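Peer 1: heads up, no residue letters with this:
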């Protein structure tokens, strides 16, 4: 699809592969060994903030354009219907299969909670084998539902004065909600708050701010010129994230300072990684050619299915081989789970995701205007 931004698809592919590698490493115990490499593997959960940031960027951009350029605003009901068709069909397939195979529930209520993406609101319930990655989807869906309301409030706030600046000021309030949620989760010992949208709102807010900037300034020459340095800085901050400063590798709860450091570093890494492509995309540049190569771009397009399938595949493989917890063979688990997950992802993408998107009337959103010297291509819908 020519209107898609291949580099952003490439970022999706890297994020999806990061989540897969994280779960291969954790299930085989490699992630808990000594050394810097296991620590860096343990922080591959940075993929989730990247996914959240991309959702904020791509979904809020039509609303930002409506404010700044006085174009028509998206219709909330139509937008929500598209989100449901984008997310739920493959989710229902994977979740139903896993619950059929390994359901820990004694009655139908557990099924209902999971099929309606309500599992995060019942933190005391058991998590079925193979669905441990699904905690992110209720947060995504919560943002989808909240976005039209946020967009309406921001639209009203930005009606007077410098509209882009006022939008950015309004969006700047959202990270404060995350700080409050992190503090509440640690001070009141309520770790389940981390399963709710307020704890992660900062990542979506950064994407929304990028959406405003992409419409307002188009192609940024400053970010373009600094792109290599920004990407190197993202890598350096990821190394800092991979230390005890950001908390333990295990399920042991971090302290308040560790939680705040982790959220701050994850936000910085996600922003530094995405900004050179969202605000200064140049198809001919080295960074765009590397991330936007045909293989990476295709993996990005099927990344949602890959994300859904990889955990059940790893779980099934470990059950079939009889591997003890945290003692599986990393190489064999990685090789087999990757190949099987890829096959399932290609099938579900083309047989379920693509027809569902056609049913929703989905079209790739046009890119924000950019100078003639460096046009900015449209980004894919999440």
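Peer 2: All right, it came through fine. Not measured: the values here are computed from a predicted model. Numbers count the residues shown, from 1 in each chain.
Peer 1: C-alpha only now, for contacts and for neighbours.
Peer 2: Noted.
Peer 1: can you list the weak-confidence ranges in the stretch 1-150 of the chain?
Peer 2: Within the stretch 1-150 of the chain, the ranges that satisfy pLDDT under 70 run 1-3.
Peer 1: what does the stretch 151-300 of the chain give?
Peer 2: Counting by pLDDT under 70, the stretch 151-300 of the chain contains no low-confidence residues.
Peer 1: do that again at 80, thanks
Peer 2: 251 (pLDDT under 80).
Peer 1: which residue ranges of it form helices?
Peer 2: All helices of the stretch 151-300 of the chain, identified by DSSP state H, counting those that start in this stretch, fall at 163-171, 174-187, 197-216, 221-241, 256-278, 286-291, 294-301.
Peer 1: output the contacting helices and strands for the fourth one.
Peer 2: Taking 3 or more C-alpha pairs under 8 Å, 6 or more residues apart in numbering; DSSP states H and E as the contact definition, the neighbouring helices and strands of helix 221-241 are helix 256-278.
Peer 1: which other helices and strands contact the helix it packs on?
Peer 2: Packing partners of helix 256-278 (3+ C-alpha pairs under 8 Å, 6+ apart): helix 6-28, helix 47-69, helix 174-187, helix 197-216, helix 221-241.
Peer 1: how far does the shortest one sit from the chain's center?
Peer 2: Read it as helix 174-187. Its chain's C-alpha centre and that of helix 174-187 lie 20 Å apart, by C-alpha atoms, centre = their mean, to the nearest Å.
Peer 1: that one to helix 197-216, inter-axis angle?
Peer 2: Relative orientation of helix 174-187 versus helix 197-216 (axes from the mean of the first three to the mean of the last three C-alpha atoms, to 10 degrees): 160 degrees.
Peer 1: name the residues that touch helix 174-187?
Peer 2: Residues from elsewhere that reach helix 174-187, judged by C-alpha atoms under 8 Å, 6 or more residues apart in numbering: 190-194, 198-202, 205, 255-256, 259-260.
Peer 1: go on, the fourth one?
Peer 2: Contacts to helix 197-216, defined as C-alpha under 8 Å, 6+ apart, come from residues 49-50, 52-58, 60-61, 64-65, 68, 139-140, 142-143, 164, 167-168, 171-172, 174-179, 181-182, 193-194, 267, 271, 275, 278-279, 368-369.
Peer 1: list only buried entries from those.
Peer 2: By neighbour count, with 16 or more other C-alpha atoms under 10 Å, these hold 49-50, 52-58, 60-61, 64-65, 68, 139-140, 143, 164, 167-168, 171-172, 174-175, 177-179, 181-182, 193-194, 267, 271, 275, 278-279, 368-369 as buried.
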